[in-house]
Every structure is written in structure tokens, then in C-alpha cells.
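K.L.:
Got a predicted model here, sequence first, then my questions.
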Amino acid sequence: MSVQPWRRPLLFGHRGAPATGCVENTLASFARALADGANALETDAHRSADGAIVLCHNPDLGEVHGHDLIITRSTRAELAGYGVPTLEELLAHAPGIAINIDIKQREPPMEHDIVECVRRVGAEARVLLTSFYADVVGRVRAAGYAGPTGLTRGELVRLRFAPLPLLRRWGARGQRAQVPVASGRVRFDTRAFIERCHALGVAVDYWVINDLEEGRRLLALGADGLMTDDPALLRPLFSQRG
């Protein structure tokens, strides 16, 4: 698997570039993110009633698009009428770009369809599949997905607290740890955590970073990627690194 799409550091357009006024998770938003300096994209996936993998954070269009369509009960054509793109469309519009896909839909399961979609267009090397649901990530891996996967919550907890020798014995099944700066009292924004991940071959991405100095601090600690709603804001940090 080529690692070129995942060269560090990565500036992810989180749902594109919604801070600019673009509607999140639309082709226009993704294009704006890339124009503003992003070299990777983050998005969310559901499956339509007729089996298309579509990009939307919520299971319906109410909050973002102002319509009551439920994705699992709607066709690709109906969703396209409101600007909801498919994964295949994004892959075609952003060739060679690393894309992080958060699989939002748990039921009915959609892992097989999304794996097949990515395979069909030969994009496994540049598409990372992840989910907040451990069983979803487990099914992606069980399907023999050849691309990278994100660490589950359980794997992150183990990585954060288990002794390093034991972690080395277990090994890491995922390639990227995508974390907030903190979760409750647990801090992830430390050099020790990043170095521990790197010792296991795991890259570390932080979300959602919309502050220039916060981004500067995290990159100085060794972060491999930052997810932001405003790539233009953080672009100078990445320009300085070539």
C-alpha cells in the first residue's frame, strides 16, 4: 500500500471548509478546502435506500440542508437534488487526495458496500475508514479492507493507558489515532502520547482545530495531522513545513 497520500503533516478539511460559508460535505465545500490549502479531506458516510454511499454527517438532511429526508429511506437521486454527493463523486473530484471517512451508519450495516465502493475505483491506498462504533471498524477489517483504518475507542483507551511493552506485543490494527485534544480529564495533546503512538507505527490526528496557535502547538508536539473547518486559517503552519 502506497504511503504517499498519507505523508505528514496533513491538513484535513473537516467536512470540507464549512467555516467559509460552504455547506458542509458538499463537492463545493471539499473543493474550497483543497483550494485553501488542505492536502487531505474528512467526511461522513451513510447509505441511501438504493445502495449509494452518500456523504452527510447526520442521518437526515434537516440540520444542514433544511429538509426532512432520511438518508436510508431516500434514493441517490432524491439526495442529489439537495446537493448531497456520493463517495464515488468525491473520489473522482479529488484524485490522489487522502480521504478520511467516518462511517456513521451502523444499522443496517453498510461496511461491505463502502469497502466495495472504494475497491471498485482503486482508492484503498488513499481512503482511511473509521467509525465511532468498534463493531463497524471490526467488520471493515474482517472484510479484508486493504487500506488504512482508524483506531476504535477501545483501542485508543488501551493505547493511552496500557504499558508500552504489552502494546508492542499486541500490535496496533489501525494506522491512525484520531483524537480530540482532551476527553474529560484524559489528555491526548502530549508529546508522550504522540511518541507512544509513533513507537507503534500509529499516526496521530487532532480534531477539530480552528485556532492557529493551537494548531502550531500540536504540530510542535509531533502531530501528524490536524482537522479543521477552516484550512485557510491553518495553511501558514503547513506552508512553513513545505
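P.N.:
Structure's in. What do you need?
K.L.:
how about the CA coordinates for the lengthiest strand in the chain, as CSV?
P.N.:
When the chain is parsed with DSSP state E, its longest strand is strand 40-47. C-alpha atoms of strand 40-47 as CSV (Å, rounded to 0.1, in the frame of the first residue of the first chain):
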residue,chain,number,x,y,z
ALA,A,40,-6.5,15.7,2.9
LEU,A,41,-10.3,15.6,3.4
GLU,A,42,-12.5,14.3,6.2
THR,A,43,-16.1,13.3,5.6
ASP,A,44,-19.0,11.2,6.9
ALA,A,45,-20.8,8.3,5.1
HIS,A,46,-24.3,6.8,5.1
ARG,A,47,-26.0,4.5,2.5
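K.L.:
packing partners for that strand?
P.N.:
Strand 40-47 sits against strand 10-14, helix 27-35, strand 53-55, helix 87-93, strand 98-103, helix 111-120, with contacts defined as 3 or more CB pairs under 8 Å, 6 or more residues apart in numbering; DSSP states H and E. Bear in mind the C-beta positions are built from the backbone N, C-alpha and C, glycine included.
K.L.:
Give the full set of residues in contact with the residue nearest the centre of the chain.
P.N.:
Among the residues of the chain, the one closest to the centroid is residue 100, at 2.9 Å (CA atoms, centre = their mean). Residues in contact with residue 100 (CB atoms under 8 Å, 6 or more residues apart in numbering) are 12, 40, 41, 42, 43, 128, 130, 150, 176, 178, 205, 227.
K.L.:
any low-confidence regions in this protein?
P.N.:
1-3, 240-242 (pLDDT under 70).
K.L.:
try 90
P.N.:
Low-confidence segments of the chain, defined by pLDDT under 90: 1-8, 68, 157-160, 162-173, 239-242.
K.L.:
Can you point out the helix or strand that includes the residue of it most remote from its centre?
P.N.:
No residue in the chain has its C-alpha farther from the mean C-alpha position than residue 165, which lies at 28.7 Å (CA atoms, centre = their mean). Assigning secondary structure by DSSP states H and E places residue 165 in helix 164-170.
K.L.:
which residues touch that helix?
P.N.:
158, 159, 162, 196, 199, 200.
K.L.:
Any idea how far that helix is from the middle of the chain?
P.N.:
26 Å (CA atoms, centre = their mean, to the nearest Å).
K.L.:
Next, the angle helix 111-120 makes with the longest strand of the chain.
P.N.:
130 degrees (axes from the mean of the first three to the mean of the last three CA atoms, to 10 degrees).
K.L.:
5 is where my numbering starts, stick with that
P.N.:
All right, first residue 5 from here; so that's strand 44-51.
K.L.:
Next, the angle strand 102-107 makes with strand 44-51.
P.N.:
30 degrees.
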